[in-house]
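Novice: Model the following, please.
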Amino acid sequence: MKIVLLGSIPKGDKVRETWTDWKTEYINKIKEILPEVEVLDGDKISDNVGAELVVGHDLNMVKSADLIIVDAQKKIGAGTAQEIVMAKYFKKPVVSVIPPETHYRRSNVVFDGELMEEYFHPFLKVSSDYVADSVDNAVKWAKKYFANQSDFDVKDMYVFTNAIDEYNAKSDIIKMPDR
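Specialist: Numbers count the residues shown, from 1 in each chain. As a prediction, the model looks like this:
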């Protein structure tokens, strides 16, 4: 079994000097609960090998994975977002770690005068098969998934076309802000 960790990775040696590697906590928790799982991440290749090789490496990891865990506790980058989309293309389960009161998940957010008691970033909510509030809960969900995959309905690319269809079906009744 393979789990791929997706999330922010520093760009350049200078930034890495003061960077705390978020993957350490994830790997420790995975090994504690699922010791037989192989953990992969995009930090094993350097951008200096060329863009196509980096993209090929990262997407090959996603393609070969059994499950994807995304660290969305802080902002993610363009690469992570595209890797999530490709995970859906390959029909891989995506677990996003988004604790309450962080960038992508907040309480009591007002949009155009309307209160949303719980806000999740729409793209992360739609593309995730499970949103965990902690690393611990993400790995516990992964353990349940590996124990009985047939109990889970993993989203694929249709999650995006379904969202388009839903919008088209309701676009005439949605109140659009004047901006």
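Novice: can you give me phi and psi for residue 128?
Specialist: phi -90, psi 140 (degrees, to the nearest 10).
Novice: contacting residues around it?
Specialist: 70, 94-96 (CB atoms under 8 Å, 6 or more residues apart in numbering). All C-beta atoms are positioned from the backbone trio N, CA, C, and that covers glycine.
Novice: What is the nearest of those residues to residue 159?
Specialist: Comparing those against residue 159 with CB to CB places residue 94 closest, at 9.9 Å.
Novice: Can you pull the phi/psi pair for the closest one?
Specialist: phi -120, psi 120.
Novice: Report the contact partners of it.
Specialist: Counted by CB under 8 Å, 6+ apart, residue 94 has contacts 68, 70, 84, 87-88, 127-130, 155.
Novice: how does it look with 6 Å?
Specialist: 68, 84, 87, 128-129 (CB atoms under 6 Å, 6 or more residues apart in numbering).
Novice: if we can go back for a sec, save the contacts of residue 128 as a markdown table, and put in distance to residue 2 too.
Specialist: As requested, those are exported to a markdown table (distance: CB to CB, whole Å):
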| residue | distance to residue 2 |
| --- | --- |
| 70 | 15 |
| 94 | 14 |
| 95 | 14 |
| 96 | 18 |
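Novice: Quickly list what residue 116 is bridged to.
Specialist: For residue 116, the beta-bridge partners under DSSP bridges are residue 109.
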